[in-house]
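> next input, structure requested:
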Amino acid sequence: MRPPGDTVEILERLLSPLQGRRLLDIGCGKGQLLQALAERGAGVAGLDPDEAVLDAAKKLVPRAALKQGHAQMLPWGDASMHAAIFLNSLHHVPAADMLLALEEAARVVGKGGSVVVVESLSEGSFFDALRLIEDETEVRQAAQDAITRATRRGIVSESRRIEYDRVETFSDAAAFIARAVAADPSREERAQAALGKLLARFEALSEHENGGYILHQPLRLHHLKVPVGPRPIVHPPMFG
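Purely as a prediction, here's the structure:
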């Protein structure tokens, strides 16, 4: 699935000019965001732990610099990128390592560089339909908490926060289930086990338009900047 057009447009505005910029997609998957950014003139690099999806990304964006690895230990040098992007990927990092992943992103973009984190919120009709297959409330909150800790520790500062809707249209419930399982094949068994309830919930939550079924997923985008000056000293609380 291509990234939402709104996301690409927002990234283009925030990181302009894209021409000649070095952009890193952390958790790049099959490369849809890489493709959109490369089409706009950016030099793109991608990281993913899954070798199979990296092969697909290489076919889609042959000139992308792709590496297999994890966000907690990025295989790029200090200040080697202009910006790093987590598009619905930070919550896939183990919660204990999310702060380290943000620190690594800050390292590779260097002082004055941008780290953009886009995460789905635990609300909206898409989320409510998905909860029968997988409830991501805790990991999504953990991602938001990691961003808060990163700003408090002076790793990054928040330049801008934007909330907007991702709107997806499905031909039927089977298309929604296929979409959910494609993002994580381990969901297949749970989807089949809860099929009756899932079909009923999908029907109840969806908006019907032109023969299709529409679901909404609110997103929150954090545009974070790496401070140019020395990192402030953060004193631990005296109590509690």
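> burial measure for Glu207, as a count.
Using other C-beta atoms under 10 Å, Glu207 has 12 neighbouring residues. (C-beta placed from N, C-alpha, C; glycine too.)
> contact partners for it?
125, 213-215 (C-beta atoms under 8 Å, 6 or more residues apart in numbering).
> how does it look with 6 Å?
Ile214 (C-beta atoms under 6 Å, 6 or more residues apart in numbering).
> roughly how far apart are it and Gly77?
47 Å (C-beta to C-beta, to the nearest Å).
> now do Glu134
36 Å.
> please identify the helix or strand for His222.
Under the criterion of DSSP states H and E, His222 resides in strand 212-225.
> packing partners of the top helix by length along the chain?
Longest helix in the chain by number of residues (criterion: DSSP state H): helix 137-152. Judged by 3 or more C-beta pairs under 6 Å, 6 or more residues apart in numbering; DSSP states H and E, helix 137-152 is in contact with helix 98-109.
> pull out the buried residues from the helix it packs on.
Neighbour-count burial for helix 98-109, counted by 16 or more other C-beta atoms under 10 Å, picks out 98-109.
> quick revisit: between Glu134 and Gly77, which is the more surrounded one?
A count of neighbours by other C-beta under 10 Å puts Glu134 above the other of Glu134 and Gly77, at 14 against 10.
> touching the strand holding His222 from outside, list them.
Residues outside strand 212-225 that contact it (C-beta under 6 Å, 6+ apart) are 14, 114-121, 123-126, 147, 156-170, 206-207.
> now do it: distance to the chain's middle.
The chain centroid and the centroid of strand 212-225 are separated by 10 Å under C-alpha atoms, centre = their mean, to the nearest Å.
> now do stretch 73-89
Stretch 73-89 sits 13 Å away from the centroid of its parent chain (C-alpha atoms, centre = their mean).
> and it, average pLDDT?
Across stretch 73-89, the average pLDDT comes to 98.
> can you give me the end-to-end distance of it?
Separation of the first and last residues of stretch 73-89 by C-alpha to C-alpha, to the nearest Å is 15 Å.
> before we move on, what about stretch 195-214?
Taking C-alpha to C-alpha, stretch 195-214 runs 19 Å from one end to the other.
> mind listing what's buried in it?
Within stretch 195-214, the residues scored as buried using 16+ other C-beta under 10 Å are 198-199, 201-202, 205-206, 213-214.
> switch these over to TSV; also include pLDDT and distance to Asp55.
Listed next are these as TSV, based on pLDDT from 0 to 100; distance: C-beta to C-beta, whole Å:
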residue	pLDDT	distance to Asp55
Leu198	92	31
Leu199	93	34
Arg201	94	35
Phe202	94	32
Leu205	96	35
Ser206	96	34
Tyr213	96	32
Ile214	97	33
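> need those residues in a markdown table with secondary structure and distance to Gly20, can you?
What follows is the buried residues of stretch 195-214, written out as a markdown table (DSSP: H, G, I helix; E, B strand; the rest coil; distance: C-beta to C-beta, whole Å):
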| residue | secondary structure | distance to Gly20 |
| --- | --- | --- |
| Leu198 | helix | 46 |
| Leu199 | helix | 49 |
| Arg201 | helix | 47 |
| Phe202 | helix | 44 |
| Leu205 | helix | 44 |
| Ser206 | coil | 43 |
| Tyr213 | strand | 41 |
| Ile214 | strand | 38 |
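> return the member of those residues nearest to Glu39.
Nearest to Glu39 out of those is Ile214 (C-beta to C-beta; 26.9 Å).
> quick check: the closest one vs Ile10, distance?
In terms of C-beta to C-beta, Ile214 sits 21 Å off from Ile10.
> if we can go back for a sec, in JSON lines: the buried residues of helix 98-109, plus pLDDT.
Output for the buried residues of helix 98-109, formatted as JSON lines (pLDDT from 0 to 100):
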{"residue": "Met98", "pLDDT": "98"}
{"residue": "Leu99", "pLDDT": "98"}
{"residue": "Leu100", "pLDDT": "98"}
{"residue": "Ala101", "pLDDT": "98"}
{"residue": "Leu102", "pLDDT": "98"}
{"residue": "Glu103", "pLDDT": "98"}
{"residue": "Glu104", "pLDDT": "98"}
{"residue": "Ala105", "pLDDT": "98"}
{"residue": "Ala106", "pLDDT": "98"}
{"residue": "Arg107", "pLDDT": "98"}
{"residue": "Val108", "pLDDT": "98"}
{"residue": "Val109", "pLDDT": "98"}
